[in-house]
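Asks: okay, predicted coordinates and the sequence, questions at the end:
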Amino acid sequence: MRFPVRTAALALTVLLAACTTFVDQRGNLPEEDRLAQIQPGVTTREQVQQLLGTPSSTSTFDDSTWYYISMKTEQWAFLAPTTVDQKVVAIEFDQNGLVRDIQQRGLADANEVAMVERATPTPGKTLGFFEQLFGNIGRFNTPQALPSRGGV
């Protein structure tokens, strides 16, 4: 009689544990007190790296803007994770390596990007499953195609 009660209690515990919310923090977000030490026109690129560390990303065509990106997501059970918080700190430098501007953006500033589900067509014959699987049988190293070994 005790065995089914223990088994049911164990099963209930496992089910409840599976339904907990998982929080995932990713990225490199600088602390506010360190960010306050950066002054436009005064702080150099090297000083920014000493204060904040290596940036998460840099601008695409040059390294005049550094990005520190952080994202916090929550996932409940088997459902898809949802973004709870997102912060981006963009630090822009001038030609002399001094900070020109600091911008902070949050989740409200994010833009949704719609992905296009298309495939690029390729010219040529489309092979079926069995053609791909058995198509090359007998095509490699036939005896008449092998070079002679000089009398061996």
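Replies: Everything's here; your move.
Asks: tell me where this protein has strands.
Replies: Along the chain, counting by DSSP state E, strands occupy 21-27, 57-58, 65-76, 82-93, 99-105.
Asks: which strands and helices sit next to the third one?
Replies: Contacting strand 65-76 under the criterion 3 or more CB pairs under 8 Å, 6 or more residues apart in numbering; DSSP states H and E are the following elements: strand 21-27, strand 57-58, strand 82-93. For the C-beta atoms, the positions are set from N, CA and C on the backbone; glycine is no exception.
Asks: what's the most buried one of these?
Replies: The highest average neighbour count among these, using mean count of other CB atoms under 10 Å, belongs to strand 82-93 at a mean of 16.
Asks: and the contacts of that one?
Replies: The contact list for strand 82-93, computed with CB atoms under 8 Å, 6 or more residues apart in numbering, reads 23, 29-30, 35, 38, 45, 48, 52, 55, 63-75, 99-107, 109-110.
Asks: go through the strands of the chain and name the closest to residue 130.
Replies: Among the strands of the chain, strand 65-76 comes nearest to residue 130, with 41.2 Å by CB to CB.
Asks: strand partners (parallel or antiparallel) of the closest one?
Replies: Sheet pairing here is set by DSSP bridges, and for strand 65-76 it gives strand 21-27 (antiparallel), strand 57-58 (antiparallel), strand 82-93 (antiparallel).
Asks: how far off centre is that strand?
Replies: Offset of strand 65-76 from its chain centre (CA atoms, centre = their mean, to the nearest Å): 10 Å.
Asks: got the angle for it vs strand 99-105?
Replies: 20 degrees (axes from the mean of the first three to the mean of the last three CA atoms, to 10 degrees).
Asks: mean confidence score for strand 65-76?
Replies: Strand 65-76 carries an average pLDDT of 91.
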